[in-house]
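# got a structure for you, letters missing:
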């Protein structure tokens, strides 16, 4: 039933999104050239990887070490501020990679660091929007977002989904939380690696004697 609702919403949204998307594609082509669509691997339901689609918002790098921020064009900044760069993800919904509502899809290199509890957010298809999106988006930390997603998975109902859609509509009209303070989104907290145990110290055997024919070997803890 939820899958049928996702397709119905995607079809209705597509009526408006397709002509807007064509205009955006022409503007991107005219200002940045190709490609128009940005593709990136994300983790979906049960960790299955897929290619998420977005409108391109950054120009090509001038040099290998150039950071992302200076590469965002004026058009790209507008697309991000209005979330119009996410329009191509309606196709991800049609394909079944994503749902309309659910946890936002994250990078596989983040997912490998999830705790067993955090992996619970992979129980559903990732969404175009979700509970964490309307409760702070990128202005809150990753652990907070994940907890909100887990709460949604446990308490999801049709009424809650309608509440999320209404909240998303308000956010589109009055964007907030697109970036964190200072314009830099919080990175995923990678757990510190456990330091490797030191190699055991080995005491070299003493010279064997006639009364002690065996060589003595002792390993002391580090």
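All right, it came through fine. All figures in this text were calculated on a predicted structure; none of them were measured in a lab.
# same for the longest helix anywhere in the chain, what does it pack against?
Counting residues, the longest helix found in the chain (DSSP state H) is helix 2-32. Packing contacts for helix 2-32, counted by 3 or more CB pairs under 8 Å, 6 or more residues apart in numbering; DSSP states H and E, involve strand 49-55, helix 74-82, helix 89-95, strand 99-101. For every residue, glycine as well, the C-beta is placed using N, CA and C.
# and the pLDDT for the residue lying closest to residue 111 once chain neighbours are set aside?
Leaving aside its sequence neighbours, residue 111 sits nearest to residue 43 (CB to CB, 6 or more residues apart in numbering; 4.5 Å). Note for residue 43: predicted pLDDT of 97.
# might one say that residue 43 is in contact with residue 103?
No: here residue 43 lies out of contact with residue 103, judged by CB atoms under 8 Å, at a distance of 10.1 Å.
# what about the protein, any weak spots by pLDDT?
Applying pLDDT under 70 to the chain flags residues 1, 176-188, 190-222.
# who's the residue nearest in space to the middle of it bridged to?
For the chain, residue 106 is the residue whose C-alpha lies nearest the centre (CA atoms, centre = their mean; 2.0 Å). Taking DSSP bridges as the rule, residue 106 bridges to residue 43.
# quickly find the element holding residue 128.
Per DSSP states H and E: residue 128 is located in strand 127-129.
# nearest spatial neighbour of residue 97, skipping sequence neighbours?
Using CB to CB, 6+ apart, the closest residue to residue 97 is residue 50 (4.1 Å).
# tell me how far that neighbour lies from residue 168.
With the distance defined as CB to CB, to the nearest Å, residue 50 ends up 22 Å from residue 168.
# related to what we said a few turns ago, for residue 173, which of the helices and strands packed on helix 2-32 is the nearest?
Residue 173 lies closest, by CB to CB, to one member of the helices and strands packed on helix 2-32: helix 74-82, at 9.8 Å.
# wait, the residue nearest to the centre of the chain sits on residue 41?
No: the criterion here is CB under 8 Å, and residue 106 misses it with residue 41 at 10.7 Å.
# these two touch, right, residue 161 and residue 101?
Yes: the pair residue 161 / residue 101 is scored as a contact, 5.1 Å apart, by CB under 8 Å.
# so if I had to pick from these two, which one is more boxed in?
Legend: neighbour count by other CB atoms under 10 Å for residue 161 and residue 101, higher for residue 101 (26 against 21).
# tell me the SS of residue 64?
Taking DSSP: H, G, I helix; E, B strand; the rest coil as the rule, one finds residue 64 in the coil state.
# and it, backbone torsions?
phi -60, psi -40 (degrees, to the nearest 10).
# likewise for residue 40?
According to degrees, to the nearest 10, residue 40 has phi -150, psi 140.
# can you pull the contacts of the spatially closest residue to it that is not a sequence neighbour?
The spatial neighbour of residue 40 that comes closest, neighbours along the chain excluded (CB to CB, 6+ apart), is residue 52 at 5.4 Å. Contact analysis of residue 52 by CB atoms under 8 Å, 6 or more residues apart in numbering lists 39-42, 89, 92, 97-98, 105.
# ok, residue 52 to residue 169 distance?
The value you get for residue 52 to residue 169, if CB to CB is used, is 22 Å.
# now do residue 34
Computed with CB to CB, the distance linking residue 34 and residue 169 is 32 Å.
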